[in-house]
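kindly generate the corresponding structure for this input.
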Amino acid sequence: MVKMIWRTFRILLIVTVVEVACAITLTGILPQIILNVFYILMSAAKAFYIVSIFMHLKFAVKYMMVTILVPRCFLL
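Reported below is the predicted structural model:
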């Protein structure tokens, strides 16, 4: 269990570092709408991963997608 938590931490850390690096280096180079879409997709990927690992929903992918994507449609 501890190895899984550290593995999850490392994966989320890498994704977050990529997000921050893109925010620092690509702001002003790419249009803001492209960056916003990128941030939303990366955040959704992190949410998907957290839910699949810690809520043990790895095998219920269809329902997890609905759980994450339907509220996002209402927010957008």
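
I'd like to know how many residues surround Val51.
Neighbouring residues of Val51 were enumerated by other CB atoms under 10 Å; the total is 16. Using the backbone N, CA and C atoms, a C-beta is placed for each residue, glycine as well.

that one contacts Thr67, doesn't it?
Yes - in terms of CB atoms under 8 Å, Val51 counts as a neighbour of Thr67; the distance is 7.3 Å.

mind listing what's buried in the host helix or strand of Ile34?
Assigned by DSSP states H and E, Ile34 falls within helix 32-54. Going by neighbour count (16 or more other CB atoms under 10 Å), the buried part of helix 32-54 is Leu35, Phe38, Phe48, Val51, Ser52, Ile53.

closest to Thr25 out of those residues?
Leu35 (10.7 Å; CB to CB).

so how far is Leu41 from the nearest residue in space to that closest one that is not next to it in sequence?
In this structure, Leu35 finds its nearest non-sequential neighbour in Leu26, 6.3 Å apart by CB to CB, 6 or more residues apart in numbering. From Leu26 across to Leu41, the span is 14 Å (CB to CB, to the nearest Å).

repeat for Leu30
When CB to CB is applied, the distance between Leu30 and Leu41 equals 14 Å.

got it, and Met1?
Distance of Met1 to Leu41, given as CB to CB: 29 Å.

go on, Val70?
As for Val70, its distance to Leu41 is 17 Å (criterion: CB to CB).

also Ile33?
Taken as CB to CB, the span from Ile33 to Leu41 is 13 Å.

contacting residues for Ala45?
Contact partners of Ala45, counting by CB atoms under 8 Å, 6 or more residues apart in numbering, are Val15.

rounded mean pLDDT for the longest helix along the chain, please.
Of all segments of type helix in the chain, defined using DSSP state H, the longest is helix 2-26. Taken as a whole, helix 2-26 has a mean pLDDT of 91.

before we move on, what about stretch 33-45?
For stretch 33-45, the mean per-residue pLDDT is 91.
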